[in-house]
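**Q** This is a predicted model, with the sequence first.
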Amino acid sequence: GSGSSSVGGLSVFRAARMVKMLRISRMARLLRGVPELFILFKGMKAASRSVGIFFVMWLVIVYIYALIFRSIVEGDGTFESEYFSTVPSAMNNLLLGGILPAHAMFVKGVTSELWVFW
């Protein structure tokens, strides 16, 4: 009984592997047929590193300013409680209010329902 289930399981994995290989071969044929797509993919790969580094630097700058503003307003009731109560809250307010003000109300509304949607 158990030998037939493992053989059936292997055949399912083999079939899944064959489907994956078929998809990869189709993509390779497409890239050989249309070399412009390959050039676009290479360009996107080259640009993704620069964009990733930019976003990391952006988050570091927002984090540094959140620390600075958090320490400046410590003890001030209005700003501390509304905007800079914690460092993540300060980062959120700096990012949404300072960098993405057009989307701030939407993101805050969605986030108030479930924080995962930030």
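**A** Structure's in. What do you need?
**Q** how about R23, what does it touch?
**A** Contact analysis of R23 by CB atoms under 8 Å, 6 or more residues apart in numbering lists nothing. Placement of C-beta: from N, CA and C, glycine included.
**Q** May I ask which helix or strand encompasses it?
**A** helix 2-33 (DSSP states H and E).
**Q** tell me which element W58 falls in.
**A** helix 35-72.
**Q** Only C-alpha atoms, please: export the helix or strand following that helix in CSV.
**A** Downstream of helix 35-72, the next assigned helix or strand under DSSP H and E is helix 77-82. Extracted in CSV, the C-alpha atoms of helix 77-82 (Å, rounded to 0.1, in the frame of the first residue of the first chain):
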residue,chain,number,x,y,z
GLY,A,77,2.6,66.7,24.3
THR,A,78,1.0,67.7,21.0
PHE,A,79,3.7,66.7,18.4
GLU,A,80,4.9,63.7,20.4
SER,A,81,1.5,62.1,20.8
GLU,A,82,0.2,62.9,17.3
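**Q** what's the average pLDDT for the helix or strand hosting T111?
**A** Here T111 sits within helix 104-113, counting by DSSP H and E. The predicted model gives helix 104-113 an average pLDDT of 86.
**Q** picking that back up, who does the helix holding W58 touch, helix- and strand-wise?
**A** helix 2-33, helix 87-93 (3 or more CB pairs under 8 Å, 6 or more residues apart in numbering; DSSP states H and E).
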